[in-house]
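# I'd like to go over a predicted model; first the sequence, then the structure.
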There are 2 protein chains.
Amino acid sequence: MEFREAKNKFVQTWGALGSQWGINKTMAQIHALLMVSNEAVSMEDIMEELQISRGNASMNLRALMDWGIVYKEYKTGERREYFTAEKDLDELAVKISKERSKREIKPALKVLKEVSSIEADGTAEERHFVEQTTKLYDFVLKADNVLDKMTEYKDNWLAQILLKFMK
Amino acid sequence: MEFREAKNKFVQTWGALGSQWGINKTMAQIHALLMVSNEAVSMEDIMEELQISRGNASMNLRALMDWGIVYKEYKTGERREYFTAEKDLDELAVKISKERSKREIKPALKVLKEVSSIEADGTAEERHFVEQTTKLYDFVLKADNVLDKMTEYKDNWLAQILLKFMK
DNA sequence: AATAAGTTTCATTTTTTATTGAAAGTTTAA
DNA sequence: TTAAACTTTCAATAAAAAATGAAACTTATT
């Protein structure tokens, strides 16, 4: 396999993976492209390389910047904007999990808390509902916290968490 | 909030969360419904409660069973099939992460290995590509393994992983 | 302050994904 | 072995999500 083919395969695969995990294909592809570029890339280049429209490129670049995993760069003497991706993978993981937690897990937790707090002295059905949603709330909260800790001390998280536990 | 409202809210929320993570809405909703039911539920009931067609119910129940998180149950003297969900949340997490790893992470790793193995003594661009995809391969592999370990020893995974590390 | 070079927005269109429903298939039991 | 009760499949349809592209907007330069 030669370079261009490999690069293309990587971008396509990353895009497919993204869409399986609820991140739109183009957004993941742009990110992939920037990840493996050794220098900042202009919007034109991205449009050209992925064969997408200006609007699409613009909106997904904006989304990637909102996630904090793509940065704008200005070259002196040039009007055009260039883009680079966060290339530190630990940093990338931290940002993605923080963002998804904020956008998706936290709101879900809120609902879980709400629905598990209904009065249910009634039927077995109701008691089971409250029990199960309460367990789910605790579980999701715990999982979210572990993730948070893992990312907070990104280097050697295991040792760090352990330290915290022992304190 | 009273019971029916709470139950409905839970099912809707779980469905939305599912679709944000690449699991189809109905599949997540059926799972939610079964999770909070204290007894096995028939396909008819599911169709009725979620207002979905027979085909849809059938296909998504099949998918949930393929994932190993929903089981068929037979009631003696009844023709009809009933369904229950895995209610142990640790077990649920294990099964979901195993399944997603198998379906999505493993194939992605394969591609990453492939594309990071190209000959690249050429340009800086090519060298950067190989370096970056190699890092990514290592990272994803490591993350996948940690998850695997966490789920393998689901109770007190921290201590267990630590033990392994120390051996 | 006019213009040029570039970027963003968003109504419309396209693509992708999920759902329906009717026909085919199974299974149980009389 | 037939029929009734139920489930599965899959081509057609609907719904949801993503992409387009042209107009509006911004900013830098002369």
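Noted; the coordinates are in hand. Numbers count the residues shown, from 1 in each chain, chains lettered A, B, ... in the order given.
# Which positions in chain A make contact with DNA strand D?
Counting by Cβ under 7 Å from any atom of the strand, the positions of chain A adjacent to DNA strand D are A:19, A:24-27, A:51-56, A:59-60, A:79. Heads up, the C-betas are built off the backbone N, CA and C, glycines and all.
# So which of those residues is the closest to B:Gly68?
Taking Cβ to Cβ as the measure, B:Gly68 lies nearest A:Ser19 of these, at 23.8 Å.
# That closest one contacts A:Lys25, correct?
Yes - judged on Cβ atoms under 8 Å, A:Ser19 makes contact with A:Lys25 at a distance of 4.6 Å.
# Give me the subset of the residues of chain A next to DNA strand D lying in helices.
In helices, defined here by DSSP state H, the members of the residues of chain A next to DNA strand D are A:Ser19, A:Lys25, A:Thr26, A:Met27, A:Arg54, A:Gly55, A:Asn56, A:Met59, A:Asn60.
# Now for those residues: which two are most distant?
A:Ser19 and A:Arg54 (21.5 Å).
# of those two, who's got more company?
For A:Ser19 versus A:Arg54, neighbours defined as other Cβ atoms under 10 Å in any protein chain shown are more numerous around A:Ser19 (15 against 11).
# check contacts around that one.
By Cβ atoms under 8 Å, 6 or more residues apart in numbering or on different chains, the contact list for A:Ser19 reads A:Lys25, A:Ala28, B:Gly22.
# change it to 7 Å
A:Ser19 sits next to A:Lys25, A:Ala28 when contact means Cβ atoms under 7 Å, 6 or more residues apart in numbering or on different chains.
# quick one: it from B:Leu147, how far?
Separation of A:Ser19 from B:Leu147 (Cβ to Cβ, to the nearest Å) stands at 21 Å.
# tally of neighbours for A:Val11?
21.
# does any bit of the longest helix along chain A sit next to chain B?
Ordering each helix of chain A by length in residues (DSSP H) puts helix A:124-152 first. Yes - Helix A:124-152 reaches chain B (Cβ under 7 Å from any Cβ of the partner chain) through A:Ala124, A:Glu125, A:Glu126, A:His128, A:Phe129, A:Gln132, A:Thr133, A:Lys135, A:Leu136, A:Phe139.
# Show me chain A divided up by domain.
In terms of domains, chain A is parsed into A:3-85, A:89-166 (source: automatic domain parsing).
# Comparing the ones you listed, which yields the minimum mean pLDDT?
Note on those: lowest mean pLDDT is at domain A:89-166, with a mean of 87.
# From A:Glu86, how far out is A:Met43?
18 Å.
# Nearest residue to A:Trp14 in space, ignoring adjacent ones along the chain?
A:Ala32 (3.6 Å; Cβ to Cβ, 6 or more residues apart in numbering or on different chains).
# that's a strand at A:Phe83, yeah?
Yes - assessed with DSSP: H, G, I helix; E, B strand; the rest coil, A:Phe83 lies in a strand.
# and stretch A:99-118, anywhere near chain B?
Yes - using Cβ under 7 Å from any Cβ, stretch A:99-118 reaches chain B at A:Glu104, A:Ala108, A:Val111, A:Glu114, A:Val115, A:Ile118.
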